[in-house]
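> the following comprises the amino acid sequence and a computationally predicted model.
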Amino acid sequence: MTAASDVRADTKTQVPPLSALEWKVVSLAIREAGEMGCGAGKRSRLARLFGGVSGFRPKLPLADPRLETLRRFVCTLRDGAELSELKRRLIEFGFHPGQLSAVAMLAR
């Protein structure tokens, strides 16, 4: 007879956990998406003028391309846009598909 603990041990998948910094990036992206959206697209003259007067600045990209791609993945997911290109890039950067699924479940 198989014990419940034996079954759980056999069904565990070997998905590496995200680092604390990666979770911070996910949290930042979720917060940005909830506040004003993540897009840092081209700004109009009026938007630049408003930014100059009010001090509001668009979100700057992260310096690390791996973390910036993770941030854009979460933002794109929240916007409901196509994710296939970002998923491919994140896997190239070394993320496991299971990690991306966990991030996707949390970000929705």
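That came through fine.

> which strand or helix spans residue 34?
Using DSSP states H and E, residue 34 sits in helix 20-35.

> how near is residue 101 to residue 92?
Per CB to CB, to the nearest Å, residue 101 is found 17 Å from residue 92. C-beta here means a position set from N, CA and C on the backbone, and glycine is covered the same way.

> thought residue 18 was touching residue 99?
Yes: counting by CB atoms under 8 Å, residue 99 is a contact partner of residue 18 at 5.8 Å.

> name the residues contacting each of those two.
Residues touching both residue 18 and residue 99 (CB atoms under 8 Å, 6 or more residues apart in numbering): none.

> give me the nearest residue to the residue positioned nearest the centre of the chain, chain neighbours excluded.
Ranked by distance to the mean C-alpha position of the chain (CA atoms, centre = their mean), the top residue is residue 74 at 3.1 Å. Excluding the flanking residues, the one nearest residue 74 by CB to CB, 6 or more residues apart in numbering is residue 29, at 3.6 Å.

> tally of neighbours for that neighbour?
Per other CB atoms under 10 Å, the neighbour tally for residue 29 reads 26.

> tell me the contacts of it?
38, 70-75, 78, 107.

> tell me which helix or strand the closest residue to residue 97 other than its chain neighbours sits in.
Distance criterion CB to CB, 6+ apart; nearest residue to residue 97, sequence neighbours excluded, is residue 91 at 6.7 Å. Using DSSP H and E, residue 91 sits within helix 84-92.

> same question for that helix, mean pLDDT?
Averaged over helix 84-92, pLDDT sits at 94.

> list the contacts of residue 66.
Contacts of residue 66 (CB under 8 Å, 6+ apart): 93-94.

> name the element it belongs to?
Per DSSP H and E: residue 66 is located in helix 65-79.

> now that helix: how far from the chain's centre is it?
4 Å (CA atoms, centre = their mean, to the nearest Å).
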